[in-house]
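S.K.: okay, here's the prediction I keep looking at, along with the sequence it came from:
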Amino acid sequence: MLRIPINDLTRDSGLREEIISALSRVYDRGWFVLGQEVSAFEQEFAGFCGVKHCVGLANGTDALELALRSLDVKEGDRVVTVANASMYSTTAILAVGGIPVYVDIDESTLLMSPQDLKRVIDEGISAVIVTHLYGRMADLPSLLELTDANDIPVIEDCAQAHGAELRSKRAGSWGKVACFSFYPTKNLGAIGDGGAITTNDERIADKIRELRQYGWDRKYHSIQLGGRNSRLDELQAAVLRVKLPHLDQWNGLRRDIATQYHAGVKNPNVVMPSPPDERDVCHLFVLRTATRGSLSTYLAELGIGSDVHYPLPDYAQPSLSGVLPQFSLPKTEEACAKVMTIPCFPGMRADEVENVIQALNSWRPD
C-alpha cells in the first residue's frame with residue numbers, strides 16, 4: 001500500500017456537502033442533459049478563460065476531434081502536433097481522416113519547439129494542435145507568429161492547463177479554438193468524464209454545438225456531417241460549477257509543492273523541470289532521470305507512488321506500426337525515455353512533500 005500516492009481523489013476538499021447539494025439539485029429538477037447547469041457552467045468557464053464562448057462536451061478527446069471538424073479539417077489534411085503527449089491529439093487527427101505531422105519539442109520545457117514547427121510550416125499544413133503539457137503553457141507568441149504568417153489555425157490542447165496564464169491571458173484564449181478535459185484527475189476535474197471547447201469565434205461555437213448533438217441545428221434536423229452524441233451532462237456541470245471558484249487556489253497549492261521540490265531536491269542524478277512561475281498550474285511534476293526504473297522501484301519500496309507521462313512517442317505506438325511514415329525526433333525520444341512523475345496534488349500534506357524530497361535525495365542509481 002502506497003503511503004504517498006501519485007494522486008488521491010478521496011482527500012476531502014471541504015466541498016463534499018456543496019457537491020452533494022448540487023447533485024441533489026439536478027436530480028430534483030429531473031433534467032439531466034443540456035439544461036441549466038451546463039448553460040451556467042459554459043458561461044462561467046468562458047468568463048474564467050476570458051473568451052466569448054464555451055461549449056460543454058462529453059470528454060477532452062471529443063473536444064479535439066470536434067475542434068478539427070469545426071475548422072473543416074478533412075481526410076488527407078496534414079495536422080501538426082507533438083508526439084510526447086500520449087496519443088490524444090493523434091487519435092483526434094486520425095478520427096477525422098487527417099495525417100499527423102510530428103514536430104520536436106524544446107529540450108527544456110518539453111513543449112512544442114517553434115524552431116521545429118518552422119521546419120514544416122510550409123508543407124501544406126491545415127492546422128496546428130499546441131499541447132500545454134504538465135501545466136505549463138507552450139510558447140504561443142512564437143508559435144502564433146509562424147502560424148498567423150501562414151494563415152494556419154491553432155488549436156490549444158488545454159487538458160493539463162486549466163487556469164494557466166501567459167502574458168496575462170489564460171490558456172484557452174490564444175488559439176482559434178481550445179480544448180479542455182475535465183477527467184477527474186485534471187486541475188479542474190469532474191466526477192466522471194467531461195470536456196469543453198472555448199473560442200471567440202461564434203461560427204465555430206455554433207458548429208460545435210451542432211456537432212455535439214448529431215449535427216442538429218434543431219431537433220431531428222441534421223445539417224453537419226461528423227456529428228455525434230458528445231454532451232457534457234448536467235451532473236458533471238453542476239460539480240464543475242462548485243469547483244471552478246476554487247481552481248486558482250488549488251493551482252497555487254500545486255505551485256507551492258513544486259517550489260518546495262525545487263528548493264529541496266539536490267540529487268545530481270535527477271534532472272528537475274524549470275521552476276514554476278505564477279503562470280504555471282503544475283498539473284504534473286515531471287522530472288527526468290536516465291535510470292527511472294531504479295528510482296521508481298526505490299520510491300515504491302518507501303511507499304511513494306510514481307508514474308510515467310509518457311513512455312512512448314505517438315509514432316512509436318504499436319497501433320500505428322505501418323500506418324504512418326517513419327519519424328525521428330531526438331528530443332522527444334530522449335524525453336520519453338527519461339520522464340517520471342512524482343506526487344503533486346492539492347491534498348498533499350507538508351510531511352508527505354518532505355518525505356518525497358528526502359527519498360529523492362537519498363536515492364542512488366543501481
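M.R.: Sure thing, it's come through.

S.K.: do I have it right that Leu110 meets Leu133?
M.R.: Yes - counting by C-beta atoms under 8 Å, Leu110 touches Leu133, with 6.1 Å between them. C-betas here are computed from N, CA, C, even on glycine.

S.K.: any low-confidence regions in the stretch 101-250 of the chain?
M.R.: For the stretch 101-250 of the chain, no stretch has pLDDT under 70.

S.K.: what ranges does it have for its strands?
M.R.: In the stretch 101-250 of the chain, the strands defined using DSSP state E, counting those that start in this stretch lie at 125-131, 154-157, 165-166, 169-170, 177-181, 195-199, 216-218, 221-222.

S.K.: looking at those strands, which is closest to Ala58?
M.R.: strand 195-199 (6.2 Å; C-beta to C-beta).

S.K.: how about that closest one: buried residues?
M.R.: If you call a residue buried by 16 or more other C-beta atoms under 10 Å, then strand 195-199 has these buried ones: Gly195, Ala196, Ile197, Thr198, Thr199.

S.K.: residues contacting the biggest helix by length in the chain, please?
M.R.: For the chain, the longest helix by residue count, based on DSSP state H, is helix 247-264. Defining contact as C-beta atoms under 8 Å, 6 or more residues apart in numbering, one finds that helix 247-264 is touched by 48, 135, 162-164, 187-188, 272, 275-276, 278, 280-283, 285, 342, 344-346, 348, 353-354, 356-357, 361.

S.K.: cool, and stretch 101-119?
M.R.: By C-beta under 8 Å, 6+ apart, the surrounding residues in contact with stretch 101-119 are 78-84, 120, 123, 125, 128, 130-134, 136-139, 142-143, 145-147, 273-274, 286, 313-315, 327, 329-332, 335, 339.

S.K.: redo that, cut-off 7 Å
M.R.: By C-beta atoms under 7 Å, 6 or more residues apart in numbering, the residues outside stretch 101-119 that reach it are 78-84, 120, 125, 130-131, 133, 136, 138-139, 142-143, 146, 274, 314-315, 327, 329, 331-332, 335.

S.K.: that one: end-to-end distance?
M.R.: By C-alpha to C-alpha, to the nearest Å, the extent of stretch 101-119 from end to end equals 11 Å.

S.K.: give me the buried positions along that stretch.
M.R.: By neighbour count on 16+ other C-beta under 10 Å, the buried set for stretch 101-119 is 101-106, 109-114, 116-117.

S.K.: just the helices from the stretch 151-300 of the chain, written as ranges.
M.R.: Shown for the stretch 151-300 of the chain, the helices assigned by DSSP state H, counting those that start in this stretch span residues 202-211, 234-243, 247-264, 292-301.

S.K.: re earlier: out of the buried residues of stretch 101-119, which is nearest to Thr91?
M.R.: Proximity of these to Thr91 was ranked by C-beta to C-beta; the top entry is Tyr102 with 13.8 Å.

S.K.: any idea whether the closest residue to the closest one other than its chain neighbours is helix, strand or coil?
M.R.: Leaving aside its sequence neighbours, Tyr102 sits nearest to Ala83 (C-beta to C-beta, 6 or more residues apart in numbering; 4.3 Å). What DSSP: H, G, I helix; E, B strand; the rest coil gives for Ala83 is coil.
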